[in-house]
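Participant: sequence and predicted structure, then a few things I'm wondering about:
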Amino acid sequence: MSLFKYSKLDCILTYLGLAFLLLDIGLDIWTVVSFYQEEEYLYLGILILFLLGSSVLIQAYSWLWYTYDNFERVTRVESCLTPKQLKALHFLQLGTYFRHAGVVEITSCSCITKTQNPVDAAVFVTHDLSMLRLFEAFSESAPQLVLMLTIMLQQGQLDTLTVLKAVGSASAIAFSVTAYHRSLRSFLPEKKKQHLVSSLIYFAWNLLFIFSRLAAIALFASVLPCFIFTHFLCSWLLLFFCAWRSKTEFMDSPGGELLYQATVGLIWYFNWFTVVEGRTRYKLLFYHIFILLDVSLMCGLWCWRMHTQPLSFKIPLLYACIIAVSVVALYIFGLILKRIYYKCYHPNLKGDASSTTQKADMFLARNLVPEDSVPHISDQSYMGEDVTDGAVAQADAKLYNKRMRKLAENFFS
């Protein structure tokens, strides 16, 4: 019996996520071409900066994780490449696509053949990929959506279709967060069944947070474009300092840990992300107060500028106030949904954290370590009745997804 479960819903979400990836690539190319044809070279330069910066960041993480794992790979697609070839592909910004290809390969096997080992491996390979897609969502998709909304607001093209497109883009970001959350849940065998309602509520409050935050930033950037870079830099430095003070333990090298902390600061600029173990009630409280005040301030400044120094078009003060209040109200409603989720659907490890970690090590010893390097573990011992310390120690010394396991312990502690 496997420790981790890979349900049909997880399989569907994996394919849906890959479809979003292909759609995102196509839309990026279309947007670049459109800016070039319209001779909007400033916007084109900003967009390319977002795309290249995000790509370099994601490839750096992917390469570092391969090196941390001693280039151990569990899919045939990845195994067909030598470490030097992997390094070259990451340098060419193509390395992560082999991770996606590996997920397609092994997910197909797990969903079609339903054999045990492919199921375990499918869960394992999707862990890092869900993390990479989360980083990509907040380093590329979120800034790109802010840019698109800012352009539309400055040109006065904010109509129903535009709002629906923006909601769709924000939904894709929230979907990445939800997929990451489901990946973390696979480390809780005692709470292995996650109901669809739980995922829907988790998706809903993240969507409200992300959409209201991005909308507020876009409103502010549309009237004070020069100050948005100062706002981001000051906010990011503060959040980066907070992440550094949290003493995270995610990467296996000091440089990698600093990169991770800087990335956490970037994510926190848009949405909350749990990075340390223990109760985070007060940290969450201060964070949401800070973001709520920031959102309110940006919306208020937008109303003031639209009333005193409007753009090429003018919005009546009453309508401007309604838009600003609606954005703030969405964030507050997201807080209410988040409270409902944590009250009714969020599992806590509490005293079971050590047992969950031990079961995870048993899984790794059985499935991710070569048979000749680990003592045989029977079905009874795998279920927790009798597992030798040597087997777990061997598992700890070999490849396993300790990064995601640590994040799961942090998130559900």
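Facilitator: Happy to help now that I have it. Numbers count the residues shown, from 1 in each chain.
Participant: hey, which helix or strand in the chain has the poorest pLDDT?
Facilitator: helix 379-382 (a mean of 32; mean pLDDT, DSSP states H and E).
Participant: need the longest helix for this protein.
Facilitator: Among the elements of type helix in the chain, defined by DSSP state H, the one spanning the most residues is helix 8-37.
Participant: what sits against the residue positioned nearest the centre of the chain?
Facilitator: Among the residues of the chain, the one closest to the centroid is L134, at 2.0 Å (Cα atoms, centre = their mean). Counting by Cβ atoms under 8 Å, 6 or more residues apart in numbering, L134 touches 176-177, 180, 267. The way it works is simple: take the backbone N, C-alpha and C, and place the C-beta from them, glycine included.
Participant: which of those has the weakest pLDDT?
Facilitator: The member of those with the lowest pLDDT is Y180, at 80.
Participant: which of the three states applies to the residue nearest to the centre of the chain?
Facilitator: At L134 the chain is in helix, as set by DSSP: H, G, I helix; E, B strand; the rest coil.
Participant: check V264 too.
Facilitator: helix.
Participant: what is the burial count for it?
Facilitator: Residues near V264, counting by other Cβ atoms under 10 Å, number 23.
Participant: nearest residue to it other than its sequence neighbours?
Facilitator: Closest residue in space to V264, ignoring its immediate chain neighbours: A243 at 4.2 Å, by Cβ to Cβ, 6 or more residues apart in numbering.
Participant: mean confidence score for the strand or helix carrying that neighbour?
Facilitator: Here A243 sits within helix 225-245, counting by DSSP states H and E. Average pLDDT, helix 225-245: 93.
Participant: need the residues that contact it.
Facilitator: 150, 217, 220-221, 258, 261-262, 264-266, 268-269, 275, 294, 298.
Participant: farthest pair within those residues?
Facilitator: Of all pairs drawn from those, the greatest distance, 30.3 Å, lies between T150 and L258 (Cβ to Cβ).
Participant: on that earlier part again, reformat the contacts of L134 as JSON lines; add distance to Q37, secondary structure and neighbour count.
Facilitator: Formatted as JSON lines, those follow (distance: Cβ to Cβ, whole Å; DSSP: H, G, I helix; E, B strand; the rest coil; neighbours: other Cβ atoms under 10 Å):
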{"residue": "S176", "distance to Q37": "30", "secondary structure": "helix", "neighbour count": "24"}
{"residue": "V177", "distance to Q37": "34", "secondary structure": "helix", "neighbour count": "23"}
{"residue": "Y180", "distance to Q37": "36", "secondary structure": "helix", "neighbour count": "23"}
{"residue": "I267", "distance to Q37": "33", "secondary structure": "helix", "neighbour count": "20"}
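Participant: what mean pLDDT does the longest helix of the chain have?
Facilitator: For helix 8-37, the per-residue pLDDT averages 78.
Participant: ok, stretch 62-71 next?
Facilitator: 85.
Participant: for it, list the C-alpha coordinates in PDB.
Facilitator: The C-alpha trace of stretch 62-71 is given here as PDB (Å, rounded to 0.1, in the frame of the first residue of the first chain):
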ATOM      1  CA  SER A  62      15.300  23.500 -11.300                       C
ATOM      2  CA  TRP A  63      19.000  23.200 -11.800                       C
ATOM      3  CA  LEU A  64      19.800  23.700  -8.100                       C
ATOM      4  CA  TRP A  65      17.300  21.000  -7.100                       C
ATOM      5  CA  TYR A  66      18.900  18.500  -9.600                       C
ATOM      6  CA  THR A  67      22.300  19.200  -8.100                       C
ATOM      7  CA  TYR A  68      20.900  18.900  -4.500                       C
ATOM      8  CA  ASP A  69      19.400  15.500  -5.500                       C
ATOM      9  CA  ASN A  70      22.700  14.300  -7.100                       C
ATOM     10  CA  PHE A  71      20.900  14.200 -10.500                       C
END
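Participant: all helices of the stretch 251-400 of the chain, in order?
Facilitator: Applying DSSP state H, counting those that start in this stretch to the stretch 251-400 of the chain gives helices spanning 254-270, 281-308, 317-344, 353-367, 379-382, 389-397.
Participant: rewinding a little: between T150 and L258, point out the one with more neighbours.
Facilitator: For T150 versus L258, neighbours defined as other Cβ under 10 Å are more numerous around T150 (21 against 15).
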